[in-house]
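Visitor: Next comes the sequence, and after it the predicted model I'd like to discuss.
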Amino acid sequence: MAVNHANIDLSFIENEISDWREGREIFDLLITIFEFNLHPEAMAVHLAYTIYFYFQRAPADRLDEMMSNTWVVVLTFAQCIPPQHPWQYSLAKAVSKLHGVPGPVSDNAVDPEKVLWEDLPHFENCLREIWNEAPTYDGTESPQLLTRFRNLNSFLSRVLENEFYQCIDIPYTQMQNAMNQHVSREWSAAFQSRLWDVTEWVLHCGKVLLDGIIIGERVDTNEPAGRARWVLTLAEWMLFKAFVMMACVAVNHVELVDNSLRARLRSTQQMMEACEARRRDALRALPMPLAWWPRGDLGHQSDMAADGEKRPRTSELYSEPRDFKAWGRYIHHHITYGCEGSSGAQFQL
């Protein structure tokens, strides 16, 4: 029998924790906060504090287990909450607030400095384990599975909105997979669901996705799963925008399961263009550290500074920087925090 709270069907999570005592304990803590019916922002703070103190009181030998259990319940909960429901906002905001807390998760940890809130320990592993069951949008998945992962997709996009880069390869993969799917004249319900999910990433965290591309770090990891973290190139970003533009035209000639998809596609195109414009404007105002640019080795005659150091002429500044990663981080820092070198205010709940 479906279990409903505030017009939300919680039967899926109730079934998942039916024989799981620890999961039931965590679920009861969260649902108690939700049922207070607070303002979404206040609810987010209460949820964050609840998880914070739950970890703080964990004994050292059970801390890892309690963190994993909590994130599994949170992610399972997120699969039940529709994207536009205020609970969705509050739950994602609570995780983002915890991500911004300085210091260790618990002073009881064996090595507190290796268990920091900024890393959200075990969150990524729990997410990827659940994401292994993500739909492939081939038309064989049940509507219930598509709905659950639409909800989870929306939740995670709100978490990434606050620069949680550990899972940024998930939206990049979804964007690439969407581009690889042929846009035919007839759009299946599964294809429309894929479009809805991939547009959610751009609408919520388009800025973060583009920042990740500008920073430009492709890191091959040696993790047990053999997974490589990577980002799109700017060329792939532009290809995805072209894909969205093509879909904006084609959507006017197909029958839609959800008519809001037409407006979502237009908004996605506008969001991508707005992110690009913001980045262009910031680059124009950016002071360039000349030490990172080629000096006198492009066939141009360079001026000499007072100390005898070669200084490139303006024409040379259109060449590529020597250190791409350093340049990307420099751009990201100055655009995010301004040119005064401020690291930003310390985050508090």
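Guide: Cool, the structure landed. Numbers count the residues shown, from 1 in each chain.
Visitor: Run through the helices of the stretch 151-300 of the chain in chain order.
Guide: 169-180, 189-215, 234-250, 260-284 (DSSP state H, counting those that start in this stretch).
Visitor: out of those, nearest to residue 87?
Guide: Closest to residue 87 of the helices of the stretch 151-300 of the chain, according to C-beta to C-beta: helix 189-215, at 16.2 Å. C-beta here means a position set from N, CA and C on the backbone, and glycine is covered the same way.
Visitor: In that closest one, which residues are buried?
Guide: 190-215 (16 or more other C-beta atoms under 10 Å).
Visitor: now that helix and helix 169-180, what's the angle there?
Guide: Here helix 189-215 points in a direction 120 degrees away from that of helix 169-180 (axes from the mean of the first three to the mean of the last three C-alpha atoms, to 10 degrees).
Visitor: on that earlier part again, a markdown table for the helices of the stretch 151-300 of the chain, including mean pLDDT and distance to residue 128?
Guide: Output for the helices of the stretch 151-300 of the chain, formatted as a markdown table (pLDDT from 0 to 100; distance: least, C-beta to C-beta, whole Å):
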| stretch | mean pLDDT | distance to residue 128 |
| --- | --- | --- |
| helix 169-180 | 89 | 8 |
| helix 189-215 | 89 | 17 |
| helix 234-250 | 90 | 22 |
| helix 260-284 | 90 | 25 |
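Visitor: Adding distance to residue 69, write these out as CSV.
Guide: Listed next are those as CSV, based on distance: least, C-beta to C-beta, whole Å:
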stretch, distance to residue 69
helix 169-180, 22
helix 189-215, 27
helix 234-250, 36
helix 260-284, 35
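Visitor: Which of those helices sits closest to residue 26?
Guide: Comparing the helices of the stretch 151-300 of the chain by C-beta to C-beta, helix 169-180 comes nearest, at 23.7 Å.
Visitor: so what does the closest one touch, helix or strand wise?
Guide: helix 143-160, helix 189-215, helix 234-250 (3 or more C-beta pairs under 8 Å, 6 or more residues apart in numbering; DSSP states H and E).
Visitor: Format the CA atom coordinates belonging to it as CSV.
Guide: Presented in CSV, the C-alpha positions along helix 169-180 are these (Å, rounded to 0.1, in the frame of the first residue of the first chain):
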residue,chain,number,x,y,z
ASP,A,169,31.1,13.4,-14.8
ILE,A,170,27.5,12.1,-14.4
PRO,A,171,25.9,15.1,-16.2
TYR,A,172,28.7,15.2,-18.8
THR,A,173,28.0,11.6,-19.6
GLN,A,174,24.3,12.2,-19.9
MET,A,175,24.9,15.2,-22.2
GLN,A,176,27.1,13.1,-24.4
ASN,A,177,24.7,10.1,-24.5
ALA,A,178,21.9,12.5,-25.4
MET,A,179,23.9,13.8,-28.3
ASN,A,180,24.6,10.3,-29.5
